[in-house]
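In: I would like to see how this sequence folds:
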Amino acid sequence: MMKDMQASWQALRDQRRYLKVLKTGMASENAMLARREEILDNNITAEMVPMVHTCDTAEGKSGYQTKPTPMVYTRSLNALVSSHLDAHEKLGNLHWHDGLIPSKEIWIKIGADKGGKPISTMKFNFQIVNVKEPNSANNTINFALFEAQDTVTNVNIAMAHFGEQLADLKAMEWRGMKTRLLLYGDCEFICKSYGILGCNASYACPYCEGSYQEWQTPLAERGPFPKRSLLNINQNNQHFIADGARKEKAKVISKSIVREPLFPIEPEDIVVPSLHLGLGIYKKLFDHLESDCHDIDSLIYKGMMMDGEEVDQADSNFEQQVNKQIQENERLEKKINKERDELEDVLEDIPLQLLDDSKSEDVQVTVSPKVLGLIARKNQIQTNIKSLEESKKKVGLQYGKGPVASGLDPLLKKHKVERQAYHGKSFVGNHVNKLCKVAPIKDLVDHAVDTTTMMYNKSDDVPVAAIKKAKDIKATYEPVLTSYAEVHNNINHGRQLSDDEIIHIGTSIQQFLSLYRRDLHGRISLKMHILEDHTTDQVAKFKTGLGKLNEMGGEATHADQNKDARRAYNLQHQPLKRLHFLMKEHLVKLHPDIRAKSLKNKKRKYEE
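Out: So this is what the prediction gives:
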């Protein structure tokens, strides 16, 4: 009940008094506390650990400083996982997903992610895959938290406290069943976990040893790359150390490996991060579309600027901007003309032999102070004219502010999608799911034609080239966006897949990337490479959509912690106690025995 109502102990005491009046009751507080302690089993350690933080003060070194940081983690990960498995078995929750998991195996996903407000924490968690809904937030159990940036240094410090527990978990047997570990997380976390220099490294892929330059060639033309493994990652790390640990040489010496791997999990068991693949790839496509729309705006803008006459009724922001820039051009032109007139007056008073640079060294002329002043003034005026002419050249249309490009965001809002203003205008959450449907695609590809045609009919200054460019955008982006939507919808679900569906996924991925390379002339990023080279192999391996195994559950834990953080408001000045409280609340309310007594969410009408 406390979980469902997000109630504090005081709220339960008040409720208990009301229930007494109605001659009914609930479990005593002592009984509830005893059950909590039984679930927690004294398996949590809370301590202050020195970690690295960004710093703007004088105490920091190169922008960083080390200071005590609250960290909470389980003493025995094996005991926590076993407790959950025992409870799931007792409740009849264990599930082998129609042969996805071998009958003698237990699959455990390990992952981590940073997030949450007002308390931003790095969360390490696990999911038991042998349940009906393995990727739900209710099945994502945190086993370590710390309040610091998720840098490699801090992750290494944290892993020193519980890293050995992961090796023990990998070797654990439960009821005679072997444990298999999978890893999930976003691309940045995965690269850190396997010692890769970064997501922008030459050899950034955690699955294979292909380079960024080699990714640009289609898979069908080059074939697959050699696979990474824990063995060759460790060998490459030794090569890197033997060469003097020079990061600038890592791509040549160690295929961008600069550290040993953090987890005892083979790279082939990294779950493809399909959530972040979708967000990153769609943003790349949208950026291409926005750039082409801006090109149309620039054509319209130049047409209006060449006319040189202000728009009589400037109703739109764009028309007002055009008028403003025409006025600015006129102002700059007047200043240039004024400076040129003054320059002519100054030149008339300077002796000709001093103005002829080719003869100035041969002619000996006595120069008066007045003439020296005129020469200095001449040089200053010439500098001013050059500066004003450069300013005039720079006068142009601000990116994304024209009528076509600026109309894209209102279209997104129409479909309940709003890009993040302070994070590179990125997409988040289920934005891509909403946009990979017929209606949003149609609105986006029709927008340029509709807006440009309307302006063409309204103004004689809109060039025909803008109409042609708009039609080209529709012809280019409609198949690209439709093709990507098919790929996205085919892999981001939790259904079992037939052999024919897996073959179709591979074909649709190759078709999308062929269109992307041919029509958008885009470079293949890490996320696109993972989509092209490794996604089909993984869905064929698991025979299920990636929605069952990807990083979505880990992302959902942040919202859950945010709710608990409101109840910990009184501990805001005691960060270690607060983090300890959050961990205990989390582990208690997500224990299978407690969840089994929770009220089921009532389905909304559209879900029925």
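In: can you give me the strands in this protein?
Out: Under the criterion DSSP state E, the chain contains strands at 44-54, 64-74, 105-115, 121-128, 140-146, 173-174, 177-184.
In: how big is the angle separating the third one from strand 140-146?
Out: Regarding strand 105-115 and strand 140-146, their directions subtend 50 degrees when assessed with axes from the mean of the first three to the mean of the last three C-alpha atoms, to 10 degrees.
In: repeat that for the first one.
Out: With the same axes, to 10 degrees applied, the angle from strand 44-54 to strand 140-146 works out at 60 degrees.
In: for strand 44-54, which outside residues touch it?
Out: Strand 44-54 is touched from outside by 60, 63-75, 146, 148-149, 151, 153-154, 157-158, 161, 576-577, 579-580, 583-584, 587, with contacts defined as C-beta atoms under 8 Å, 6 or more residues apart in numbering. All C-beta spots, glycine's among them, are computed from the backbone N, C-alpha and C.
In: show me the contacts for Asn234.
Out: Contacts for Asn234 (C-beta under 8 Å, 6+ apart) come out as 260-261.
In: make it 6 Å
Out: Contacts for Asn234 were tallied using C-beta atoms under 6 Å, 6 or more residues apart in numbering; they are Glu260.
In: quick one: it from Pro261, how far?
Out: Using C-beta to C-beta, to the nearest Å, one gets 7 Å for the distance from Asn234 to Pro261.
In: what residues of stretch 465-476 count as buried?
Out: Within stretch 465-476, the residues scored as buried using 16 or more other C-beta atoms under 10 Å are 466-467, 469-470, 473-474, 476.
In: ok, stretch 272-288 next?
Out: Going by 16+ other C-beta under 10 Å, stretch 272-288 has these buried residues: 272-286, 288.
In: next: stretch 411-425.
Out: Counting neighbours by 16+ other C-beta under 10 Å, one finds that the buried residues in stretch 411-425 are 412, 417, 419.
In: how about JSON lines for those, with pLDDT and distance to Met304 added?
Out: Below are the buried residues of stretch 411-425 laid out as JSON lines (pLDDT from 0 to 100; distance: C-beta to C-beta, whole Å):
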{"residue": "Leu412", "pLDDT": "94", "distance to Met304": "27"}
{"residue": "Val417", "pLDDT": "93", "distance to Met304": "31"}
{"residue": "Arg419", "pLDDT": "89", "distance to Met304": "28"}
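In: His447: which of those is nearest?
Out: The shortest gap between His447 and any of those belongs to Leu412, at 10.6 Å (C-beta to C-beta).
In: tell me the spacing between Ala540 and Gly176.
Out: Using C-beta to C-beta, one obtains 29 Å as the distance from Ala540 to Gly176.
In: which one's more surrounded, the two?
Out: Taking Ala540 and Gly176 together and counting by other C-beta atoms under 10 Å, Ala540 has the greater number of neighbours (14 against 6).
In: quick check, Leu520 in contact with His288.
Out: Yes: Leu520 is within contact range of His288, at 5.1 Å (criterion: C-beta atoms under 6 Å).
In: looking at the buried residues of stretch 465-476, which are in helices?
Out: Among those, the members falling in helices are 466-467, 469-470, 473-474, 476 (criterion: DSSP state H).
In: and those, which is closest to Tyr456?
Out: For those, the closest approach to Tyr456 (C-beta to C-beta) belongs to Ile467, at 5.7 Å.
In: please name the residues that touch that closest one.
Out: Shown in contact with Ile467 (C-beta under 6 Å, 6+ apart): 452, 456.
In: let's have the chain start at 439 instead
Out: In the new count, where the first residue is 439, that last one comes out as Ile905.
In: for Glu777, see how far away it is.
Out: Using C-beta to C-beta, one obtains 40 Å as the distance from Ile905 to Glu777.
In: same deal with Ser667?
Out: Between Ser667 and Glu777 the distance is 70 Å, computed by C-beta to C-beta.
In: ok, those two, which is more surrounded?
Out: Legend: neighbour count by other C-beta under 10 Å for Ser667 and Glu777, higher for Glu777 (18 against 13).
In: could the ones in helices among the buried residues of stretch 903-914 be laid out in JSON lines, adding pLDDT and distance to Val925?
Out: Shown next, in JSON lines, are these (pLDDT from 0 to 100; distance: C-beta to C-beta, whole Å):
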{"residue": "Ala904", "pLDDT": "91", "distance to Val925": "32"}
{"residue": "Ile905", "pLDDT": "93", "distance to Val925": "31"}
{"residue": "Lys907", "pLDDT": "94", "distance to Val925": "27"}
{"residue": "Ala908", "pLDDT": "95", "distance to Val925": "26"}
{"residue": "Ile911", "pLDDT": "96", "distance to Val925": "21"}
{"residue": "Lys912", "pLDDT": "96", "distance to Val925": "21"}
{"residue": "Thr914", "pLDDT": "96", "distance to Val925": "17"}
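In: including distance to Ser864, could those go into TSV?
Out: As requested, those are exported to TSV (distance: C-beta to C-beta, whole Å):
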residue	distance to Ser864
Ala904	29
Ile905	32
Lys907	27
Ala908	26
Ile911	22
Lys912	25
Thr914	23
